[in-house]
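Colleague: here is a sequence together with a model predicted from it:
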Protein chains: 2
Amino acid sequence: MLIDGPVGSTKYTGEGKRQITSLFVTGEIPDLQGLYLSVMDCTFSTLTPSRVGFMRHDTLRAICEQHPSIATAFWQSTLIDGAIYSEWVTNVGRREAFTRMAHILCELIYRLRAVGRIEDHVAEIPITKAALGDALGLSTVHVNRMLQELRRKGLIATSGPRVHALNWASSRPRRGFREGLPAWAVTEVLRGKTFL
Amino acid sequence: MLIDGPVGSTKYTGEGKRQITSLFVTGEIPDLQGLYLSVMDCTFSTLTPSRVGFMRHDTLRAICEQHPSIATAFWQSTLIDGAIYSEWVTNVGRREAFTRMAHILCELIYRLRAVGRIEDHVAEIPITKAALGDALGLSTVHVNRMLQELRRKGLIATSGPRVHALNWASSRPRRGFREGLPAWAVTEVLRGKTFL
DNA sequence: CGTCTCCTTGAGTTAACTCAACGTACGTGG
DNA sequence: CCACGTACGTTGAGTTAACTCAAGGAGACG
């Protein structure tokens, strides 16, 4: 379980290219899959110096057996991860770079908000451009240019790892963020949290 | 549950582009997610005239409560779906069109094999090029060209919906392919570039 | 104060796209 | 049985989004 800092699950293609297939933020449990899958097919790596907690799989399995309702909760959590995956596929497969970038920022901001890590629409996202590129299927250079475009269009402001989503509420319907809405709005509903 | 024919779960971006985020073949259960997720965030659509069976969610939930081991099996099944998702993200995000195409064919062939739907390495894959494009994040035109290239390089032969993987058997033993693994283990094969 | 990692910018290249036209198979209704 | 419509597949030509390469900053750190 993540106590602090983002973690990504990564894979490599035969050609040695890296893909980050999912991100986890503070408070989330990355490897719930491993509970009932014998083979691990990806690597988890911290994207910045982080604090993580470990839980023994056999202990968790014992808990699941004794308390079916907890098992169901864990199951549901992995189902949500699946829903996020499917949105991620859509993002990488069919959105162009600019919207794709906006989308992942929306998702991260939303999820950080859900764990109370956001103040005044400012999120700490200590992820390098290179890692963002690997998450989005883009080159570092292009990630950089898309972020510039987001700034230029007045959608975000940044200082270091801090990302400020400008006009979050109002720009959502009108601007680039709109395309991102369905995804994390769904995620929102799934997690049972209140949006905005 | 699918009795016959492929089904895809699809999503649309704000610009109206379609992405098929996952495919299911005969014998698989597409909407296991729906069991414990209240909101459905994608559409399931048959990609060819198919036969499907329906199971009531409340019935399944009752079964899960009475038989925890079945619940665990279902959970594991959704975890495998998750693993396939993550491979799909990698495929769409970081592989180029040719390899991407080869990869999805491998996955389909592997999964069809797992349900006994393959004879002599010939698989029935009745999916239009347009749908393949939506699954891979490619245009119809490019899908067509990549298939031609696969044929030209002697990797596949086709006739109608039938796809014959030409060097499947010979390359399999060398690359650590293991019979009887769950479907997502196709990753193993592909990471070793078995097919190519 | 050099080294390292990350970020930025410019310039040229290319993989994949779009558009548009034509081919082919199949079913349907006259 | 044929004309027609529809859906899918194929091909060529021109375009573009994103990539690669290369080189120069900017901050962190021993």
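Modeller: Happy to help now that I have it.

Colleague: make it CA atoms for all contacts and neighbour counts henceforth
Modeller: Noted.

Colleague: got the phi/psi numbers for A:Thr21?
Modeller: Torsion angles at A:Thr21 (phi, psi; degrees, to the nearest 10) stand at phi -90, psi -20.

Colleague: next one: the one 3 residues further on
Modeller: Comment: the main-chain dihedrals of A:Phe24 come out as phi -130, psi 140, following degrees, to the nearest 10.

Colleague: and the next element down the chain from the longest helix anywhere in chain A?
Modeller: In chain A, taking DSSP state H as the definition, the longest helix is helix A:68-94. Of the helices and strands lying after helix A:68-94 in sequence (DSSP states H and E), the nearest is helix A:97-114.

Colleague: okay, now the unreliable bits of chain A?
Modeller: By pLDDT under 70, the low-scoring segments of chain A are A:167-196.

Colleague: up against DNA strand C, what does it have?
Modeller: Within chain A, the positions adjacent to DNA strand C are A:127-130, A:140-141, A:144-145, A:148 by CA under 7 Å from any atom of the strand.

Colleague: do that again at 10 Å, thanks
Modeller: Within chain A, the positions lying close to DNA strand C (CA under 10 Å from any atom of the strand) are A:47-48, A:93-94, A:96, A:125-133, A:139-149, A:158-161.

Colleague: mind checking which of the residues you listed are in helices?
Modeller: Those of those lying in helices (DSSP H): A:93-94, A:129-133, A:140-149.

Colleague: OK, contacts around the closest residue to A:Glu124 other than its chain neighbours?
Modeller: Spatial nearest neighbour of A:Glu124, excluding adjacent residues (CA to CA, 6 or more residues apart in numbering or on different chains): A:Arg162 at 4.6 Å. By CA atoms under 8 Å, 6 or more residues apart in numbering or on different chains, the contact list for A:Arg162 reads A:122-126.

Colleague: can you tell me which of these are buried?
Modeller: Among the contacts of A:Arg162, those classed as buried by 16 or more other CA atoms under 10 Å in any protein chain shown are A:122-125.

Colleague: in CSV, list the residues you listed along with distance to DNA strand D.
Modeller: CSV is the format used below for the buried ones among the contacts of A:Arg162 (distance: CA to the nearest atom of the strand, whole Å):
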residue, distance to DNA strand D
A:Val122, 19
A:Ala123, 18
A:Glu124, 15
A:Ile125, 16
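
Colleague: any idea which of the residues you listed is closest to chain B?
Modeller: Nearest to chain B out of the buried ones among the contacts of A:Arg162 is A:Ile125 (CA to the nearest CA; 21.4 Å).

Colleague: the residue nearest the centre of chain A bridge partners, please.
Modeller: Chain A has A:Leu23 as the residue nearest its centroid, 4.0 Å off, counting by CA atoms, centre = their mean. Taking DSSP bridges as the rule, A:Leu23 bridges to A:Gly8.

Colleague: test my guess that it contacts A:Pro6.
Modeller: Yes. Using CA atoms under 8 Å, A:Leu23 is in contact with A:Pro6, at 6.8 Å.

Colleague: okay then, goodbye and thanks.
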